[in-house]
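Enquirer: test case, fold it:
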Amino acid sequence: MLRILHQIFRTGIVTEPLNAEVDAKVTVVGKALEKEVLERFKRSLTIRFVDSGSCNGCELELVAINNPVYDCERFGIHFTASPRFADMLLVTGPVSRNMEIALKRTYNAMPAPKMVVALGDCAFNGGIFGESYASLGSVGNIVPVDAYIHGCPPSPEEILKGILKAVIR
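Expert: Numbering: from 1, shown residues only. Presented below is the predicted three-dimensional model:
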């Protein structure tokens, strides 16, 4: 154990800071999002995330907005495991036939008003998976979608902009 701690102290911090230009853009979008969330919800925005059959590219970028670099919680965005506490449903990937019922149940369990955001090109039109024997295509084919975030995968900045677009709507 001491050997591992010694190695950690010798190595130091290896995380690279975010580019100043990107950090400024994220902060501007985040502050606008924070203002809208406080105005419309009087508290934080709680998001329930569902992966409906994606390749996990969008999930990696979604996890990035919650890491210490982008830190979406400073803007009032929190993730929850229960749809009953969620203000927004964030869905990635084309809807596979196996996830159709789970997605509908999650949507139906959310309290009104319901906001749905489809994250990535696959959630928009099925992407490279399209519609097939295993895929139902777009999230919009299953549940009503308020905003689409395009990209394969979209950057964390684009994800924050898409959430802002859905909140303003």
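Enquirer: ok, G76 touching S44?
Expert: Yes - between G76 and S44 there is a contact at 4.2 Å, judged by Cβ atoms under 8 Å. For every residue, glycine as well, the C-beta is placed using N, CA and C.
Enquirer: now do the shared contacts for these two.
Expert: Applying Cβ atoms under 8 Å, 6 or more residues apart in numbering, one finds that G76 and S44 are jointly contacted by V37.
Enquirer: between those two, which has more neighbouring residues?
Expert: The residue with the greater number of neighbours, taking G76 and S44 and applying other Cβ atoms under 10 Å, is G76; the counts read 18 against 15.
Enquirer: contact partners for the more buried one?
Expert: L33, E34, V37, L38, R43, S44, L45.
Enquirer: and those residues, which of them are in strands?
Expert: Secondary structure assignment (DSSP state E) places L45 from the contacts of G76 within strands.
Enquirer: please pick the buried ones from the contacts of G76.
Expert: With neighbours counted using 16 or more other Cβ atoms under 10 Å, the contacts of G76 contain these buried positions: L33, E34, V37, L45.
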